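J.: Need coordinates for the following:
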Amino acid sequence: RPYSWIDLVLIGYLAKFFVSGKLAFELSDSYFIVGLLCLWFFFNIMLEKKHGYEYRGEVSHVPAVGFLAMASALGTAANPVSLAFVAMSAGFSLLYLEKKVVPLLGKLSFAVRGMVQVSYFLYALAFFTSDIFSPGAIAISAMVFCIYGARAIVGDLRDIKHDSERGKTTLPVAFGAKSAVALAALLLLAAAGLQVFFFHSFVVSLPVLLFMVLLFFYENGYVLHQLSIHKTSFFHISLISLFTSHDAFFAVLIFLGVFLNSVFYP
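T.: Numbering: from 1, shown residues only. Just a heads-up that it's a prediction; the model follows:
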């Protein structure tokens, strides 16, 4: 899933620019980027191993362990506290793999997925500060959880027919599409509310709020999932603009163009 690399890197830069407040890209950034990619490879290799699709060939868990060790080494060199977030990432990733086996985890897979992303953010944050649990960092962690939790729900809404036919237990299958939409909307509203309360910019939250409204009126699950990915990226970019004292309006305007084109020309 190459599209998820972008948000992974953006989460890392979100951590960096939250701390530094200066929009500067440096060669040393490669350390936290490579560390995050290693965590991402661990998750995806283990996911492929769990799926065991015959048409994709056999996958070994050995490279996954190697990537986890590399992420641990890079994180430890920057800040030993990062090891806790490597463990957190691995733990929630392994929980996510059991969602097809354990019905409760299937229903809560959106929350587990959100926590995986929170662990990525905290891992990157540990490269730049020892004050991991400042009010601002906790607020961003909560926003990341809400944004990615809602994104996972939208993905399950897209697949609701497929999952139901194959007996998979997801939140939309268990409680219905309307209940899932309502929960996704609440998570997005919470993310927007946290952003406005802690960082005081309504403009930054516009992509999230626009997408939240669309959830109630648009039924094309594939377009919704694509827009959910775009919304996530633009929310990160808008926050980075805010933290580095740049106006987020232009980024939101670009999102509006992507949003309207995707809705009316799917």
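
J.: for the protein, where's the lowest mean pLDDT among helices and strands?
T.: When the helices and strands of the chain are compared on mean pLDDT, DSSP states H and E, helix 160-165 comes out lowest with a mean of 87.

J.: and that one, which residues are buried?
T.: Residues of helix 160-165 classed as buried: 160, 163 (neighbour count, 16 or more other C-beta atoms under 10 Å). C-betas here are computed from N, CA, C, even on glycine.

J.: could you pull out the helices for the protein?
T.: For the chain, the helices defined by DSSP state H cover 3-20, 29-51, 62-78, 82-97, 103-107, 109-125, 135-158, 160-165, 171-175, 177-199, 206-215, 221-243, 249-264.

J.: contacting residues around the third one?
T.: In other words, helix 62-78. With contacts defined as C-beta atoms under 8 Å, 6 or more residues apart in numbering, helix 62-78 is touched by 31-32, 34-36, 38-39, 41-42, 45-46, 49, 82-83, 85-86, 89-90, 123, 126-127.

J.: Tell me which residues of that helix come out buried.
T.: Within helix 62-78, the residues scored as buried using 16+ other C-beta under 10 Å are 64, 67-68, 70-72, 74-75, 78.

J.: and Leu171, how many residues sit next to it?
T.: Burial measure for Leu171: 23 neighbouring residues, criterion other C-beta atoms under 10 Å.

J.: Sorry, slip of the keys, the one I care about is Leu214.
T.: With other C-beta under 10 Å as criterion, Leu214 counts 18.

J.: The closest residue in space to Ser205 that isn't next to it in sequence: what's it in contact with?
T.: Leaving aside its sequence neighbours, Ser205 sits nearest to Ala192 (C-beta to C-beta, 6 or more residues apart in numbering; 3.8 Å). Taking C-beta under 8 Å, 6+ apart as the criterion, Ala192 is in contact with 205, 208-209, 212.

J.: go with 10 Å
T.: Neighbour list for Ala192: 143, 146-147, 202, 204-209, 212, 235 [criterion: C-beta atoms under 10 Å, 6 or more residues apart in numbering].

J.: Sort out which one of these lies nearest Ala137 for me.
T.: Ala137 has its nearest neighbour among those in Met143, at 10.7 Å by C-beta to C-beta.

J.: Cool, thanks, signing off.
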